[in-house]
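Participant: got a predicted structure here, sequence first:
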Amino acid sequence: MAANLTAGKKKGLDAVSDQRGVIAALAIDQRSALRKLFSKASGLQVDEVPPEWLVRFKEIVSKQLTPYASAILLDPEFGLPAAGHRNNDAGLLLAYEQSGYEKAAPGRMPRLLEGFSVARLLGCGADAVKVLVYYSPFSGEKINVPKQDWVERVGEECCAADMPFFLEIVSYHDELDEKGPEFARIKPDVITRSVEEFSKARYAVDVLKIGVPVNMKFVESASSPRSEALYSRPEALAHFRRASQATTLPFIYLSEGVSNEVFVEALTLATEAGSDFSGVLCGRATWQDGVQVFVNSGGAALENWLSTEGVRNIQNVNAHLRAARPWHTRGKALVDRKE
């Protein structure tokens, strides 16, 4: 199988990009993570959060914010109604994986949604398909080989349906807190080596969705002096360049649940480093503070909040995409891929 940039894949990538070919997409495919936000805001247990809250929240976010996005990423479990509320010019990405992972089993193994296929997601109106995989190059073969095979099978299915394949890589390491300093020390290597692996032709990935290669909390700054930082600013810039150079595929950054201000600072570093990123798929950094508003005051209050603070957040991100490179500047890598 040759993973070429076919007419269908190009059409889908164009649909989720802006006129420049930059992917300025909004992510709200969260399910378990969104339930946790609702649980914290309401005092309900996670399993007591009404499903209709997720559905309505996604509908309102889609309606209010997709006029400022090139596309929206949704899940077919709770997000399909929101797809109908998106701006006419916004493309649609649909998630194909089950949310979360089985905590009793080792390795954070991925699972596809039951009752769905790439062809069925296409029938739901998707312009592209996304799956998420937790990945650490430091894990053993018993963990990583099944994950690699899983990604390869999804890639084959996307090729058969002529659909763009977005792979979201969430970096982690067994027995380390991903927000702590120990993981921060190895995060640049985890990101870079993961990018190198899934850029291989066998996976048929069209766009990589990755975290920034440093933990911004530990980058030297006015609020984090060198004595307390794990990376100097020049070191952080070098990590951005190394991760960017690890692939010839288009790649975009995810916000990893950080605040809008922190994510924008990360994009500033990416720009300064000369990273060849092709945009973002940004979620919680845009809308997460609206959860409390929705729980406290309802849908109308959320609409008002999104029309001011939410729009400010997404426009703040968009303003930092001027240095992003159109995906098709790296599209030659998609055309040239061979087994």
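Facilitator: Ah, there it is. Residues are numbered from 1 along each chain as shown.
Participant: how distant is the lengthiest helix in the chain from the center of its chain?
Facilitator: What stands out as the longest helix in the chain, according to DSSP state H, is helix 141-161. Chain-centre distance of helix 141-161: 18 Å, with Cα atoms, centre = their mean, to the nearest Å.
Participant: one more: stretch 178-196?
Facilitator: Using Cα atoms, centre = their mean, the offset of stretch 178-196 from its chain centre is 17 Å.
Participant: quick one, what contacts the residue most central in space within the chain?
Facilitator: The residue lying closest to the centre of the chain (Cα atoms, centre = their mean) is residue 254, at 4.2 Å. Going by Cβ atoms under 8 Å, 6 or more residues apart in numbering, residue 254 touches 27, 168, 209, 210, 211, 280, 281, 282, 283. Bear in mind the C-beta positions are built from the backbone N, C-alpha and C, glycine included.
Participant: now swap in residue 283 and tell me
Facilitator: Residue 283 is in contact with 26, 27, 28, 29, 30, 73, 254, 255, 257, counting by Cβ under 8 Å, 6+ apart.
Participant: my guess is the last one contacts residue 36. True?
Facilitator: No - under the criterion of Cβ atoms under 8 Å, residue 257 is not in contact with residue 36, lying 10.4 Å apart.
Participant: looking at the contacts of residue 254, state which has the most neighbours.
Facilitator: The most crowded member of the contacts of residue 254, judged by other Cβ atoms under 10 Å, is residue 280 (31 neighbours).
Participant: toward the C-terminus, what is the element adjacent to the helix or strand that contains it?
Facilitator: Residue 280 belongs to strand 279-282 when assigned by DSSP states H and E. Where DSSP H and E defines the elements, the next helix or strand beyond strand 279-282 is helix 284-287.
Participant: I'd like the average pLDDT over that next one.
Facilitator: Averaging pLDDT along helix 284-287 yields 96.
Participant: quick one: buried residues of it?
Facilitator: Neighbour counts over helix 284-287 (16 or more other Cβ atoms under 10 Å) mark 284, 285, 286, 287 as buried.
Participant: could you find the closest non-adjacent residue to the last one?
Facilitator: Nearest in space to residue 287, with sequence neighbours left out and distances taken as Cβ to Cβ, 6 or more residues apart in numbering, is residue 61 at 5.2 Å.
Participant: thought the one you found was touching residue 313?
Facilitator: No - Residue 61 lies out of contact with residue 313 (Cβ under 8 Å); the separation is 11.3 Å.
Participant: what's the overlap in contacts for those two?
Facilitator: With Cβ under 8 Å, 6+ apart as the test, residue 61 and residue 313 both reach residue 287.
Participant: where does the residue located most distally from the centre of the chain sit: helix, strand or coil?
Facilitator: Distance from the centre of the chain peaks at residue 227, with 32.0 Å (Cα atoms, centre = their mean). Here residue 227 is coil, with the state taken from DSSP: H, G, I helix; E, B strand; the rest coil.
Participant: avg pLDDT for the helix or strand following the longest helix of the chain?
Facilitator: For helix 141-161, the following helix or strand on the C-terminal side (DSSP H and E) is strand 165-171. Strand 165-171 shows a mean pLDDT of 98.
Participant: run through the neighbouring helices and strands of strand 165-171.
Facilitator: Counting contacts by 3 or more Cβ pairs under 8 Å, 6 or more residues apart in numbering; DSSP states H and E, strand 165-171 is packed against strand 128-135, helix 141-161, helix 181-198, strand 207-210.
Participant: which among these is found nearest to residue 238?
Facilitator: Closest to residue 238 of the helices and strands packed on strand 165-171 is helix 181-198 (Cβ to Cβ; 8.6 Å).
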